[in-house]
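Colleague: everything below, folded, please.
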Amino acid sequence: MDFAMNTSVALHCESWSLIDDVGKIDDFVITIVITCIINGLFILPALILNGIIIIAIIKTPSLRNPSNWLLSNLIFTDFLMGFLGQPLYIVINIWRVQGVLYEHCPTGIAERIFTNILPLSLMLTLSVSSLDRYLAIRLMLQYRTTMTSFRAIIIIVTLWVFAMLCGLSLFFMGQKGFVILLAIIFMICLLVTFVAYFKAFHGLRKHQTQVSSPDNVSTVCINVKKYHRSFTTMLCVFLLQLLFYTPDICAKFFSVDQTTPKSSLIATLVSDTIMYANATLNPLFFLWRMRDVRRACKNLYKKIFRK
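Modeller: I've put the predicted structure just below:
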């Protein structure tokens, strides 16, 4: 079995279009240097910001609900971007400039798989979050009994297992088949997310119409306002991910074309950097939009520096 896996890795080292000696090509070197510097600058903020939010949610009982567990998974994905993704990106591209990347090809392939597993996990989580917002708006009071924290955690584990299996499928499907698989999953996630948010929007409008009457109690109005803000926040998060991840999806399609290795490599370098930068912008957006999370992070900060 080990021999088969080693043979598979060797074959991918031969066929993977991004495993090239580019140290003598100025355009590549300049692009690599700039993107490595940018990624290096974003590593520490990504680790600190995402780490603080994760700990704050875990430490605050009032935040330990299904929606926030899904949020934690998004944040955890961004944390892994800074903890593993960006350092690997820098190391791999240093080897590429030195012309020794082929000697470390298994690590290079692992980095490519890793940069596909994380975005895939994030897109799947966003789709589940859109369904979660739809259920919250549709069910209202019944939502808490339908969607529990335990079920949310089971869903998160299932998403990670599925994402890892898809990542490992590279060894069996080849680069072209792998990219096609990612494209299919990406399109399904987009379709599910758009439909869920569309139905959630109409459900929210319906509830707003129902509570506009002066006969309704104020507590219901407050709930609708809360759901509206939560819906808007998660919709903005989805659009933000779409903005930062679409270039990466396009670059993956572009990399399948073996006739333009130079352009595909530059496109991949730039799109990966854009994707990794999002790992720092996401927690800033969450801290800006989510008062409870921001308050919990402030309390955690005070506890840490008070000791």
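Colleague: for the spatially most central residue of the chain, give its distance to Cys236.
Modeller: Nearest to the mean C-alpha position of the chain, counting by Cα atoms, centre = their mean, stands Leu122 at 3.2 Å. According to Cβ to Cβ, to the nearest Å, Leu122 and Cys236 sit 15 Å apart. Quick note: C-beta positions are derived from backbone N, CA and C, even for glycine.
Colleague: re the thing from before, am I right that the residue nearest to the centre of the chain is in contact with Leu74?
Modeller: Yes: assessed by Cβ atoms under 8 Å, Leu122 is found in contact with Leu74 at 6.3 Å.
Colleague: give the contact list for Ser67.
Modeller: 129, 132-133, 136, 152, 230 (Cβ atoms under 8 Å, 6 or more residues apart in numbering).
Colleague: quick revisit: mind checking which helix or strand the nearest residue to the residue nearest to the centre of the chain once chain neighbours are set aside is in?
Modeller: Closest residue to Leu122 apart from its sequence neighbours, by Cβ to Cβ, 6 or more residues apart in numbering: Thr77 at 4.8 Å. Here Thr77 sits within helix 66-80, counting by DSSP states H and E.
Colleague: show the average pLDDT along that helix.
Modeller: For helix 66-80, mean pLDDT rounds to 93.
Colleague: got the CA positions of that helix in PDB?
Modeller: C-alpha atoms of helix 66-80 as PDB (Å, rounded to 0.1, in the frame of the first residue of the first chain):
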ATOM      1  CA  PRO A  66     -25.400  26.100  16.800                       C
ATOM      2  CA  SER A  67     -25.000  29.200  14.700                       C
ATOM      3  CA  ASN A  68     -21.900  30.200  16.600                       C
ATOM      4  CA  TRP A  69     -20.400  26.700  16.400                       C
ATOM      5  CA  LEU A  70     -20.700  27.100  12.600                       C
ATOM      6  CA  LEU A  71     -19.100  30.500  12.900                       C
ATOM      7  CA  SER A  72     -16.300  28.900  14.900                       C
ATOM      8  CA  ASN A  73     -15.700  26.500  12.100                       C
ATOM      9  CA  LEU A  74     -15.300  29.300   9.700                       C
ATOM     10  CA  ILE A  75     -12.900  31.000  12.100                       C
ATOM     11  CA  PHE A  76     -11.000  27.800  12.700                       C
ATOM     12  CA  THR A  77     -10.600  27.400   8.900                       C
ATOM     13  CA  ASP A  78      -9.100  30.900   8.800                       C
ATOM     14  CA  PHE A  79      -6.900  30.000  11.700                       C
ATOM     15  CA  LEU A  80      -5.500  27.000   9.800                       C
END
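Colleague: before we move on, the earlier item: by neighbours, which of the contacts of Ser67 wins?
Modeller: Most neighbours among the contacts of Ser67, by other Cβ atoms under 10 Å: Arg133, with 28 neighbours.
Colleague: list the contacts of that residue.
Modeller: Shown in contact with Arg133 (Cβ under 8 Å, 6+ apart): 67, 196-197, 200, 230-231, 234.
Colleague: got the phi and psi for Met147?
Modeller: In terms of degrees, to the nearest 10, the main-chain angles of Met147 are phi -110, psi 100.
Colleague: what about it, neighbour count?
Modeller: If you count neighbours by other Cβ under 10 Å, Met147 ends up with 21.
Colleague: am I right that it is in contact with Leu131?
Modeller: No: in this structure Met147 lies outside contact range of Leu131 using Cβ under 8 Å: 9.4 Å.
Colleague: against Ala296, how distant is Met81?
Modeller: 22 Å.
Colleague: looking at these two, which is more packed in?
Modeller: Between Met81 and Ala296, counting by other Cβ under 10 Å, Met81 is the more crowded of the two (29 against 22).
Colleague: the more buried one reaches Ser121, doesn't it?
Modeller: No: with contact taken as Cβ under 8 Å, Met81 and Ser121 are classed as non-touching, separated by 10.7 Å.
Colleague: which of the residues in stretch 288-301 are buried?
Modeller: 289-290, 293, 296-297, 300 (16 or more other Cβ atoms under 10 Å).
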